[in-house]
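Undergrad: have a look at this prediction, sequence included:
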Amino acid sequence: MSTRQLFTFLLFAAMFAFAVRAPQDPDLWWHLKTGAYVLENGVPHQDPPWSFTVPESPWTAHEWLTDVLMIGVYRTSGLVGLGLVFGGLITLAFGLLYLASEGRPYAAGLATFWGIAASLPFLNARPQMLNILFGAAVILVVEQVRRRAWDERWLFALPLITVLWANMHGGFLLGLAIMGVYLAGDALQLYFREEVHDGLDWRQLGFLLLAAGASFLSALANPYGAEMWTYAIRTTLTSEAMREAITEWQSPDFHIWYFWIFGFMVMGTWLAMVFSRRPVSWTDILFMVGTSFAAYQSSRNIPIFVLVAVPVLSRHLLGVFLGRSWYPTFAGTRPPGYLRPPLKRLNLFVAVLAAAGMLLFAVRELGDTDQVVRDSFPVAAVDYLEDQGLNRAGIFHEYDWGGYLIWRGVPTFIDGRADMYGDDFIYFYMQTNTRAADWEEPLERYQVDTILTRTEGGLAVLLDLDERWQLTYEDPLARIYRRVAPPE
């Protein structure tokens, strides 16, 4: 095994180790329930109903095909299977980014590894991972055409990617945005006749424009038709309540160490562009300005920044070291030298050790899946509700637990389908959850007589001091309070 092959193997082994996680996304459970519903009843257009507060409200299940995939994997191999499958999909996504980047294996490998490390907080068994996968596929196609490695006819693969994307996640508009930036940036480059290392010519831009138009239209081939076009704008770009209620919609908190990796990647990419001896293109600038701003506005957008930054970073890392004696090695253009058989065997031994380590890591990570679920979701508390016949009562609960309650067949006050509930209702829910002065109003309007909340939460402290509520169940994670008659 050559040194380059060893480096590439170690890179992908490390990426898979980063990507494999015990499934613990709060929305996982309602996605599984949706997948089962689709298989039995078809794609829903309204709440089935699973919510007792907004039953049968209009609902766009934009991840319906991903949900079918998830329930299929779950039924055959459980949560462990989901962890492995999504770990593989995430590794594939970053593998496509690696292929889209210059300077393989070293420059591209460094940029790709930095990217997956920056994305670490968001990697799990969740439909959003399909955005990374399809986005990387779009970037790979366009970058290969820009470098003249592929014929421009490959651009007509983009509508096929888009139609699949539109049925697996509403984030397919990201793909159209990526195409739009390439169109605008490379057109500006040609218009101003500025030197650039790679870029689309006018003929290729025409092909990309046709492919983008076809992609826009191909997205109509989904169960919701044109409504899917407006979904992302209607929910993610205009919802203030989602930004306030959902942590990952908020700006990155740089008091948390893993956001530093993202912050350093932003600075590192901009510095590489500043000191690069290769021309910085309009496309690079548009991508970096747009996605850096979006990621600082909402941490959920960090993987989108990573998508476009990895090829830019690898390209300009090469530019920084252009002209150095060891540049051909870093760029991967120097022919591999002779490697003695003992060193080849040593490299192979290191690769075997890495594979064993990756396997052990995955076994350890996924072996604790059941405990991770119990530590994250109120498993025992819902068992108690079922035993006491309270699982059909009007229950107020934590936002993050709504998906798990759907999975267990308990009607929810609210859940992760925030777009279905709307901003007004989310703010109404937050009156109680944030202990506002009128915190009891939502409970009274929906005749709530049971509250399921975190043991260490502020709502539990408030209820402990209120004689109208009685603690009936407690474990390290969750408490259940029941309404009692007010004292005389």
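TA: Perfect, I can see it now.
Undergrad: can you give me the strands in the protein?
TA: Assigned by DSSP state E, the chain shows strands spanning 395-397, 450-454, 469-474, 478-483.
Undergrad: in its sheet, what does the shortest one sit against?
TA: Yep, that's strand 395-397 we're talking about. On the basis of DSSP bridges, the sheet neighbours of strand 395-397 come out as strand 450-454 (parallel).
Undergrad: what is the least confident helix or strand in this structure?
TA: None of the helices or strands of the chain scores lower by mean pLDDT, DSSP states H and E than helix 240-245, at a mean of 63.
Undergrad: and for Glu467, the neighbour number?
TA: Close neighbours of Glu467, defined as other CB atoms under 10 Å, add up to 9. Quick note: C-beta positions are derived from backbone N, CA and C, even for glycine.
Undergrad: look up phi and psi at it.
TA: phi -70, psi -10 (degrees, to the nearest 10).
Undergrad: ok, Ala149 to Ser215 distance?
TA: Ala149 is 21 Å from Ser215, where distance means CB to CB, to the nearest Å.
Undergrad: these two: which is more packed in?
TA: Applying other CB under 10 Å to Ala149 and Ser215 shows that Ser215 carries more neighbours, namely 26 against 11.
Undergrad: surely the more buried one meets Trp165?
TA: No - between Ser215 and Trp165 there is no contact, the gap being 9.1 Å when judged by CB atoms under 8 Å.
Undergrad: quick one, helices of the stretch 51-200 of the chain?
TA: 64-100, 106-118, 129-146, 158-168, 173-191 (DSSP state H, counting those that start in this stretch).
Undergrad: can you lay out those as CSV showing distance to Val274 and mean neighbour count?
TA: Shown next, in CSV, are the helices of the stretch 51-200 of the chain (distance: least, CB to CB, whole Å; neighbours: other CB atoms under 10 Å):
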stretch, distance to Val274, mean neighbour count
helix 64-100, 23, 21
helix 106-118, 16, 24
helix 129-146, 22, 23
helix 158-168, 32, 22
helix 173-191, 18, 19
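Undergrad: mind putting those in JSON lines, distance to Thr472 and mean pLDDT included?
TA: Compiled in JSON lines, these are given as follows (distance: least, CB to CB, whole Å; pLDDT from 0 to 100):
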{"stretch": "helix 64-100", "distance to Thr472": "30", "mean pLDDT": "96"}
{"stretch": "helix 106-118", "distance to Thr472": "44", "mean pLDDT": "95"}
{"stretch": "helix 129-146", "distance to Thr472": "39", "mean pLDDT": "96"}
{"stretch": "helix 158-168", "distance to Thr472": "42", "mean pLDDT": "96"}
{"stretch": "helix 173-191", "distance to Thr472": "46", "mean pLDDT": "94"}
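Undergrad: overlap in contacts of Ser215 and Trp165?
TA: Overlap of the contact sets of Ser215 and Trp165 (by CB atoms under 8 Å, 6 or more residues apart in numbering) consists of Gly175.
Undergrad: ok, which of the helices of the stretch 51-200 of the chain comes nearest Ala393?
TA: Among the helices of the stretch 51-200 of the chain, the nearest to Ala393 by CB to CB is helix 64-100 (27.3 Å).
Undergrad: give me every residue that touches Asp475.
TA: Asp475 is in contact with 380-381, 455, counting by CB under 8 Å, 6+ apart.
Undergrad: my read is that Ala93 contacts Ala136, right?
TA: Yes - when contacts are counted by CB under 8 Å, Ala93 is listed as touching Ala136 (4.8 Å).
Undergrad: count of residues packed around Glu195?
TA: The burial count for Glu195: 9, using other CB under 10 Å.
Undergrad: measure the residue lying closest to it once chain neighbours are set aside to Gln388 for me?
TA: Once flanking residues are discounted, Glu195 sits nearest to Pro279: 5.0 Å by CB to CB, 6 or more residues apart in numbering. With distances taken as CB to CB, Pro279 is found 69 Å from Gln388.
Undergrad: got it, and His316?
TA: 62 Å.
Undergrad: which one's more surrounded, the two?
TA: Higher neighbour count among His316 and Gln388: His316, with 29 against 14, using other CB under 10 Å.
Undergrad: ok, back up a step: with distance to Arg417 as new columns, can the helices of the stretch 51-200 of the chain be given to me in TSV?
TA: Formatted as TSV, these follow (distance: least, CB to CB, whole Å):
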stretch	distance to Arg417
helix 64-100	12
helix 106-118	28
helix 129-146	18
helix 158-168	17
helix 173-191	19
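Undergrad: which among those helices is found nearest to Arg374?
TA: helix 64-100 (11.9 Å).
Undergrad: what helices and strands are in contact with that closest one?
TA: helix 3-19, helix 28-41, helix 106-118, helix 129-146, helix 158-168, helix 302-320, helix 341-367, helix 369-376 (3 or more CB pairs under 8 Å, 6 or more residues apart in numbering; DSSP states H and E).
Undergrad: quick check: closest non-adjacent residue to Ala214.
TA: Pro159 (4.2 Å).
Undergrad: again, but for Trp407
TA: Leaving aside its chain neighbours, Trp407 sits nearest to Trp29 (3.6 Å; criterion: CB to CB, 6+ apart).
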